[in-house]
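# sequence and predicted structure below; questions after.
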Amino acid sequence: MGSAASSTLPAFLELAGHPVRWGILTELAHSDRQVGELTAALGAPQNLVSYHLAKLKAGGLVSSHRSSYDARAAYYRVHLDRCRAMLESTGALLKPGSNLVRPSRRSGWRRQPTVLFACTGNGTRSQIAEALLRHLSGGSVDVVSAGSHPKPIHPNAIAVLAERGVDISAATAKSIDLFALRRFDIVVTLCDRVREVCPPLANEDATLHWSIDDPSRLPGTGRSTLPAFRAVADDLASRIQDLLPVLAATTHKEHHHG
């Protein structure tokens with residue numbers, strides 16, 4: 001017979017167990033969203049969605065920041081690494097020593113999935129994302145990046161990738177127009193302006209948005225802004241690790257349904 005303490009729900013189940021909160025997490029696991037988009041997707045009133053977003057934020061599973069294009073809007077994101085950690089803790093409570101989260105494997109992909117990272121200048125965020133996805137996938141992904149208004153690659157973007165053993169010193173910025181006629185499995189927008197202004201480059205289900213501030217716009221020059229660039233690289237690396245199983249599933253589905 002279990003103790004009274006064992007009947008208390010683990011923190012993850014308390015946070016994610018409500019249908020609206022689970023729906024929010026599911027939507028945000030696909031892409032960063034604004035409140036209005038969550039409201040439309042869930043078919044729930046905005047005040048109800050905002051209430052449950054506040055609960056998820058307080059629990060550390062969700063965070064938000066203002067759009068860099070329209071400061072009146074905010075984007076919400078889910079922290080899947082924190083979800084995994086809490087889920088592992090839940091498994092340990094259910095059965096000590098158990099691990100409910102299994103590592104993903106990147107071998108055996110049926111073909112190279114195609115990915116485009118898009119932002120404004122293609123000088124920092126999308127260049128870092130392109131290089132990290134190519135590196136972390138072991139070359140299993142056909143990935144490119146581009147910008148709506150290309151500008152030179154920032155030296156700090158080159159520097160933070162070099163710290164990770166990735167060399168983009170020979171890379172150049174590219175215009176998004178070069179890929180207008182090409183179809184990608186997934187398009188990831190990294191700039192709020194590109195997401196809110198530019199026409200979609202893929203069908204809605206294949207377009208993701210990661211709302212990440214541009215560290216090259218920070219005041220200061222040289223090494224003083226390197227920590228901000230490192231934070232962007234860390235964020236992108238974490239998100240890309242979560243994207244890899246999605247890409248693998250895309251090619252797996254094609255094999256079975258093609």
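On my side now, so go ahead.
# what stretches of the stretch 101-250 of the chain score poorly on pLDDT?
101-109, 196-205, 220-221 (pLDDT under 70).
# 50 instead?
Scanning the stretch 101-250 of the chain for pLDDT under 50 picks out 102-105.
# let me see the contact set for Ala74.
By Cβ atoms under 8 Å, 6 or more residues apart in numbering, the contact list for Ala74 reads Gln34, Val35, Ser64, His65, Arg66, Ser67. (C-beta placed from N, C-alpha, C; glycine too.)
# I should have written Arg125 there, sorry.
Contacts for Arg125 (Cβ under 8 Å, 6+ apart) come out as Phe117, Cys119, Leu190, Cys191, Ile212, Asp214, Val232, Leu236.
# just send those back as TSV, with secondary structure and neighbour count too.
Output for these, formatted as TSV (DSSP: H, G, I helix; E, B strand; the rest coil; neighbours: other Cβ atoms under 10 Å):
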residue	secondary structure	neighbour count
Phe117	strand	30
Cys119	strand	29
Leu190	coil	29
Cys191	coil	29
Ile212	coil	26
Asp214	coil	20
Val232	helix	23
Leu236	helix	25
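# let me have these in JSON lines, extended by distance to Arg72.
Below are these laid out as JSON lines (distance: Cβ to Cβ, whole Å):
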{"residue": "Phe117", "distance to Arg72": "26"}
{"residue": "Cys119", "distance to Arg72": "21"}
{"residue": "Leu190", "distance to Arg72": "20"}
{"residue": "Cys191", "distance to Arg72": "17"}
{"residue": "Ile212", "distance to Arg72": "19"}
{"residue": "Asp214", "distance to Arg72": "19"}
{"residue": "Val232", "distance to Arg72": "24"}
{"residue": "Leu236", "distance to Arg72": "26"}
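# of the residues you listed, closest to Glu130?
Distances from Glu130 to these, taken as Cβ to Cβ, are shortest for Phe117 (5.3 Å).
# go ahead and confirm that closest one touches Ala131.
No. Judged on Cβ atoms under 8 Å, Phe117 makes no contact with Ala131 at a distance of 9.8 Å.
# about what we covered before: tell me the one of the contacts of Ala74 nearest Ala159?
For these, the nearest to Ala159 is His65 (24.4 Å; Cβ to Cβ).
# ok, what's across the strand from that closest one?
For His65, the beta-bridge partners under DSSP bridges are Tyr75.
# doesn't Asp192 make contact with it?
No. Counting by Cβ under 8 Å, His65 does not reach Asp192; the two are 9.7 Å apart.
# joint contacts of these two?
By Cβ under 8 Å, 6+ apart, His65 and Asp192 have these common neighbours: Tyr75, Ser211.
# of the two, who's got more company?
More crowded of His65 and Asp192, by other Cβ atoms under 10 Å: Asp192, with 26 against 14.
# what residues are up against that one?
By Cβ under 8 Å, 6+ apart, the contact set of Asp192 is Ser67, Ser68, Tyr69, Asp70, Ala73, Tyr75, Ser211.
# so the nearest residue to His30 once chain neighbours are set aside, which state does it fall into?
Among residues not flanking His30 along the chain, Leu208 sits closest, at 6.6 Å (Cβ to Cβ, 6 or more residues apart in numbering). Under DSSP: H, G, I helix; E, B strand; the rest coil, the three-state class of Leu208 is strand.
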